[in-house]
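Engineer: sequence first, then the predicted structure:
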Amino acid sequence: MPAELVVWLITLVFVGLVVTQRLWEPRLPGWWAWLAAWSWFWPLLGYPLTVVRMRVTWRRLSNTAGLSVVKRPKFRVIGDQAMRGMALRPIPAWLGLPRPTRTGLTVRVRLHPGQTPALFMAAADAIAHAWRVHAARVTSPRRGIVLVTVTARDPLAASAGAFSPRPARLLTARVGRNEDGGPWILDLRREPHWLITGATQSGKSTLMASLVCELAPQAVALVGVDCKGGLELSLFQRRLTALADSRTAAVRLLSRLVEETEARMSDCRAAGVRSIWELPEPDRPVPVVVLVDELAELYLSDGTRESKDEVASCGTSLLRLAQLGAALGVHLVIAGQRVGSDLGARVTALRAQLGGRICHRVHDEETAQMTLGDLSPDAVTVAQAITEDEQGVAVTAAGGRWMRARSHLTSTGEAREIATRHAGITPAVADLGLSTAKGGDAA
């Protein structure tokens, strides 16, 4: 079959899909509309047009953004001797062959001697504007090479729930979609402790709700610490093994968790293993996920001795759980509007133990710096660029890699229904048999 005929057939199929989607969109299921609108559009039309636009605009873009180099002429003007020479011609960096991805494309750029990746990172917005794409990210995998990752459209604008299967691994939760178009997965086995920051209505509570809904069907003990009277975590009370809704109750609950961690440590030492995952499954204790909503409430003090003692006890217990819990099946997920050294002396030490970081929209640079600065300084700038219209969007960093992501929108009714449905599998943990703790008393 001639190549021209193949091209015409592909074009006719594409046009038919687009026309069908335009005329019959109200009657078609959502997956068909998505397939016709994007899956066929990008590889058949969007990608070729973007590649052509890249080739056409690359030289002008390089000159405008200062990405070109100019070679010195062979002849110069000496004294009053004027010589006619060739006009200076800027030479752009070598642009490689673009490779398509699910949400865009990637292309390698080979730098000239003396050029640094910082020039191209600063020109990321100009690259996205010139190529008419949603966003462009520039990284440097090795010296002399930069990798430009292009996102053709905003992959965080839609939910990923319909296209991503639920993770089957224990302590793994699919909480949303990342900027690559794939599922945003929090794996507590790989990264045992997480810090979540963000301003009011930035998406912290939605992320926590999505996490709890994903962990609810699993054989995991969920323990809540919500010193705002249980306002947020009480939605999941029927699925929680324990819930402390005041700092006094949190002191008791965290102390019991430390005792449980030390008991597990003794069991592992007696069995000659280094973690509970090396124990036989019948002898393995149930994993515990500790959800702390609004960290600052645990560190605020009114100046009284009793208040200071509670603050010190909470800080010490959280730090002990972070240091010992990773191998013993005790995991921390801590959320707060602000995280800074001004909260207390132990906050910085606690943050160092929380390897997974998630930063939503924040009001101050210090919180973004405390959340992401020690893992990836570049991610701090990206986190500060999140606008109020991007609720649920966050920058997540773990294992030396960071990306933008958006959590699933979980309504109050869905959260309560999921907690009720899985209330029967709530596992019991020794010395944590309080359903709700108020003022330090078990209800």
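Structural biologist: Arrived safely. Keep in mind that this is a model prediction, so the values were computed, not measured.
Engineer: output stretch 133-150 as PDB, nothing but the C-alphas.
Structural biologist: Taking Å, rounded to 0.1, in the frame of the first residue of the first chain, the C-alpha atoms of stretch 133-150 are listed here in PDB:
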ATOM      1  CA  VAL A 133       2.500  24.400  25.000                       C
ATOM      2  CA  HIS A 134       1.200  24.300  28.500                       C
ATOM      3  CA  ALA A 135       4.600  24.100  30.300                       C
ATOM      4  CA  ALA A 136       8.300  23.300  29.700                       C
ATOM      5  CA  ARG A 137      10.700  22.000  32.400                       C
ATOM      6  CA  VAL A 138      14.400  22.000  31.900                       C
ATOM      7  CA  THR A 139      16.700  19.600  33.700                       C
ATOM      8  CA  SER A 140      20.300  18.600  33.200                       C
ATOM      9  CA  PRO A 141      20.900  14.800  33.300                       C
ATOM     10  CA  ARG A 142      24.600  15.200  32.700                       C
ATOM     11  CA  ARG A 143      27.200  17.900  31.800                       C
ATOM     12  CA  GLY A 144      26.800  19.600  28.500                       C
ATOM     13  CA  ILE A 145      23.200  18.300  28.000                       C
ATOM     14  CA  VAL A 146      19.800  19.700  29.100                       C
ATOM     15  CA  LEU A 147      16.600  17.800  28.800                       C
ATOM     16  CA  VAL A 148      13.500  19.800  27.900                       C
ATOM     17  CA  THR A 149      10.200  18.100  29.000                       C
ATOM     18  CA  VAL A 150       7.200  19.600  27.300                       C
END
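Engineer: what does it rub up against?
Structural biologist: Taking C-beta atoms under 8 Å, 6 or more residues apart in numbering as the criterion, the residues outside stretch 133-150 that touch it are 50, 98, 101, 104-111, 117, 120-121, 123-125, 127-128, 131, 151-154, 179. All C-beta spots, glycine's among them, are computed from the backbone N, C-alpha and C.
Engineer: try 7 Å this time
Structural biologist: Stretch 133-150 is contacted from outside by 50, 104-111, 117, 120-121, 124, 127-128, 131, 151-154, using C-beta atoms under 7 Å, 6 or more residues apart in numbering.
Engineer: for that stretch, list every residue counted as buried.
Structural biologist: 133-138, 140, 145-150 (16 or more other C-beta atoms under 10 Å).
Engineer: for those, which one is nearest Ser202?
Structural biologist: Top of the list for closeness to Ser202, among the buried residues of stretch 133-150 and by C-beta to C-beta, is Ala135 at 19.8 Å.
Engineer: narrow the buried residues of stretch 133-150 to those in strands?
Structural biologist: When DSSP state E defines the strands, the subset of the buried residues of stretch 133-150 inside them is Ala135, Ala136, Arg137, Val138, Ser140, Ile145, Val146, Leu147, Val148, Thr149, Val150.
Engineer: how many residues are close by the residue nearest to Pro155 when sequence neighbours are not counted?
Structural biologist: With C-beta to C-beta, 6 or more residues apart in numbering as the criterion, Pro155 has its nearest non-adjacent residue at 4.3 Å, and that residue is Gly181. By other C-beta atoms under 10 Å, 19 other residues sit near Gly181.
Engineer: ok, now Thr412?
Structural biologist: Neighbour count for Thr412, taken as other C-beta under 10 Å: 10.
Engineer: mind listing what it touches?
Structural biologist: Leu235.
Engineer: please begin residue numbering at 12 from this point
Structural biologist: Sure, I'll start counting at 12 from here, so that last one is Thr423.
Engineer: Thr272 should be in a strand, yeah?
Structural biologist: No - the secondary structure assignment for Thr272 gives helix rather than a strand, going by DSSP: H, G, I helix; E, B strand; the rest coil.
Engineer: per-residue confidence at Pro84?
Structural biologist: The confidence metric pLDDT takes the value 58 at Pro84.
Engineer: domain parsing of this structure, as residue ranges.
Structural biologist: Structurally, the chain divides into domains by automatic domain parsing as follows: 14-77+100-162, 183-453.
Engineer: by mean pLDDT, show me the worst of these.
Structural biologist: Ranked by mean pLDDT, the domains of the chain bottom out at domain 14-77+100-162, with a mean of 77.
Engineer: now it, how far from the centre of its chain.
Structural biologist: When distances are taken as C-alpha atoms, centre = their mean, to the nearest Å, domain 14-77+100-162 is centred 24 Å away from the chain's centroid.
Engineer: follow-up on the earlier one: name the stretch among the domains of the chain that sits most buried.
Structural biologist: Per-residue neighbour counts averaged over each of the domains of the chain give the maximum for domain 183-453, namely a mean of 19 (mean count of other C-beta atoms under 10 Å).
Engineer: the ones in strands among the buried residues of stretch 144-161: which two are farthest apart?
Structural biologist: Looking across these, with C-beta to C-beta as the criterion, the two at the greatest separation are Ala146 and Ile156, at 20.4 Å.
Engineer: got a list of what the nearest residue to Leu218 once chain neighbours are set aside touches?
Structural biologist: With C-beta to C-beta, 6+ apart as the measure, Ser418 is the residue that lies nearest to Leu218, at 4.2 Å, once sequence neighbours are left out. Listed by C-beta under 7 Å, 6+ apart, the contact set of Ser418 reads Val186, Gly187, Gly214, Thr217, Leu218, Ser221, Gly403.
Engineer: 8 Å instead, please
Structural biologist: So Ser418 contacts Val186, Gly187, Trp195, Gly214, Thr217, Leu218, Ser221, Gly403, Ala405 (C-beta under 8 Å, 6+ apart).
Engineer: closest to Arg432 among the residues you listed?
Structural biologist: Once C-beta to C-beta is applied, the member of those that ends up nearest Arg432 is Ser221, at 15.8 Å.
Engineer: any idea which element the closest one lies in?
Structural biologist: Ser221 is part of helix 215-226 when elements are defined by DSSP states H and E.
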